[in-house]
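*Asks:* below: sequence and its predicted model.
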Amino acid sequence: MARLNVNPTRMELSKLKKKLSSARRGHKLLKDKRDELMRQFMILIKEDRQLRAEVEAALSEANRYMAVAGSVMQREVLETALMLPKQEVELEISEKNVMSVSIPVFDAKFKTDDSSDIFSYGTAFTSIDLDGAVMALSDVFPKMIRLAEIEKACQLMADEIEKTRRRVNALEHIMIPDYEETIKFITMKLSENERSTTTSLMKVKDMVLKQSHNYH
């Protein structure tokens, strides 16, 4: 807490009171923003944990299928089967505003909606375990997109929460106390000056009365 270097005048006092009022309003708004960001952040974190567990489990399953397929199929046949993908996906990225934070929204668009298009090979010379690996990866793909979306949102929101927290602390522990201390100082200074002026006026009045009495 430090007093600002300003002249102790009524004009400065009026300006500081307005600044203090604005700082208090800003402090409340920023605290509300921080609290709402934290609430939404925690919701995303909860979803992130659940999704991450599901994605990791699905990827482990796909890896198990792929390991078995690799053990029963010739390497060249396996590589040839996966060489030319039949399905294509395009990722569209847009944004949504959450408490003044621009959050990315990922939307995966597939070339076709036909579920059989995930298989780029015939089944005559491939293992059923390869089908299991491809199916597992296809099923988990939307969750992977959503997980990437959530984790980017969490990163951006965490940055904004930290910035907002710093601004709240600056207002709460520096600006507002400084304004209050300066207002208190100016108010006391003006009161002292007023008392001094009143005392001087009373002395002048007494002198005038004495002179008037002596004259008469």
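*Replies:* Yep, that arrived.
*Asks:* low-confidence ranges in the chain?
*Replies:* Across the chain, the ranges flagged by pLDDT under 70 are 1, 114-116, 123-124, 196, 198, 200-201, 204-206, 208-216.
*Asks:* can you map out the strands along it?
*Replies:* Using DSSP state E, the strands of the chain run over 89-98, 101-110.
*Asks:* tabulate those strands (TSV), appending mean neighbour count and distance to Leu130.
*Replies:* Placement of C-beta: from N, CA and C, glycine included. As requested, those are arranged in TSV below (neighbours: other CB atoms under 10 Å; distance: least, CB to CB, whole Å):
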stretch	mean neighbour count	distance to Leu130
strand 89-98	10	20
strand 101-110	14	21
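*Asks:* distance to Glu172 added to the ones you listed, as a markdown table?
*Replies:* Formatted as a markdown table, the strands of the chain follow (distance: least, CB to CB, whole Å):
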| stretch | distance to Glu172 |
| --- | --- |
| strand 89-98 | 24 |
| strand 101-110 | 22 |
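*Asks:* out of these, which gets nearest to Lys33?
*Replies:* Closest of the strands of the chain to Lys33 is strand 101-110, at 9.8 Å (criterion: CB to CB).
*Asks:* may I have the strands that pair with that closest one, each with its orientation?
*Replies:* Using DSSP bridges, the strands paired with strand 101-110 are strand 89-98 (antiparallel).
*Asks:* re earlier: out of the strands of the chain, nearest to Ala148?
*Replies:* Comparison of these against Ala148 by CB to CB identifies strand 101-110 as nearest, at 6.4 Å.
*Asks:* ok, residues contacting the closest one?
*Replies:* Around strand 101-110, the neighbours that count as contacts under CB atoms under 8 Å, 6 or more residues apart in numbering are 37, 87-97, 117, 141-142, 145-146, 148-149, 152-153, 156-157, 160.
*Asks:* mind exporting it as CSV, just the C-alpha atoms?
*Replies:* Output for strand 101-110, consisting of C-alpha atoms alone and laid out as CSV, is shown next (Å, rounded to 0.1, in the frame of the first residue of the first chain):
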residue,chain,number,x,y,z
VAL,A,101,-11.8,-16.7,-24.6
SER,A,102,-11.8,-18.0,-28.2
ILE,A,103,-12.1,-21.7,-27.9
PRO,A,104,-11.5,-23.9,-31.0
VAL,A,105,-14.2,-26.2,-32.2
PHE,A,106,-13.1,-29.2,-34.3
ASP,A,107,-15.5,-30.8,-36.7
ALA,A,108,-14.4,-34.0,-38.6
LYS,A,109,-16.0,-34.4,-42.0
PHE,A,110,-15.7,-37.9,-43.6
